[in-house]
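K.L.:
got a sequence here, can you build the structure:
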Amino acid sequence: MGETTTTDEPHALRGAIDRAALLTIRDVIEQTEPLATPTLDDYLNPSVLTVTLDDGLCSADAARLDVQWTTHGDYKFHYTDSDGMNVRWGKHPHNGDYIHVPELEHDHPPPDATSDPDDVEDSCIKQSVEVLVTRAVLRLWRVAYHAESYEPLNAASNPP
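P.N.:
Residues are numbered from 1 along each chain as shown. Purely as a prediction, here's the structure:
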């Protein structure tokens, strides 16, 4: 699976990583998604919550979500799998570069989670509370998993 780097995203998340939010997200994932194992890279000063998934979408046999959440409420949920498929749900300023995105919430679609302004889409996730955003991402992933398709990843009504 591909590694997530901070250079993948030309627009930065604002503020420091919110440890309490990552702990809340971890707890929601542990309670609601049996195929997921969430772990913090550092318990006291985390920079990312890595969620190992026992299965991936479509033909992928392994996957993970890398989650960042800041003290400003900006976030990034990056899905990557053993087939090289990538998608990102995010909320952070983009300086108007994403021409199809009127607000901060956006989706970097598969297959490569591109940041090309022509390809980045408005996100179907409009919630701003970490519990609701996490449940929405898990729900979108679960629907796509059962459909064996990438199409449902940003095709839900708010909240998904």
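K.L.:
would you check that Val67 makes contact with Val48?
P.N.:
Yes - using Cβ atoms under 8 Å, Val67 and Val48 qualify as a contacting pair, with a distance of 6.7 Å. (Each C-beta comes from the backbone N, C-alpha and C, glycine too.)
K.L.:
and those two? which has more neighbours close in?
P.N.:
Neighbour totals were compared for Val67 and Val48, and Val67 leads with 27 against 19 (other Cβ atoms under 10 Å).
K.L.:
contacts for the longest helix along the chain?
P.N.:
For the chain, the helix that runs over the most residues, judged by DSSP state H, is helix 130-147. Contacts made with helix 130-147 from outside it, assessed by Cβ atoms under 8 Å, 6 or more residues apart in numbering, are listed as 21, 24-25, 28-29, 32-33, 36, 55, 57, 65, 67, 69, 75, 77, 79, 89, 91, 124-125, 127, 150-154, 156, 158-160.
K.L.:
in strands, which of the residues you listed appear?
P.N.:
When DSSP state E is applied, the contacts of helix 130-147 are split such that Ala36, Leu65, Val67, Trp69, Tyr75, Phe77, Tyr79, Trp89, Lys91 fall in strands.
K.L.:
any chance of the residues you listed in TSV, plus distance to Val120?
P.N.:
What follows is the ones in strands among the contacts of helix 130-147, written out as TSV (distance: Cβ to Cβ, whole Å):
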residue	distance to Val120
Ala36	26
Leu65	19
Val67	19
Trp69	20
Tyr75	15
Phe77	15
Tyr79	15
Trp89	11
Lys91	12
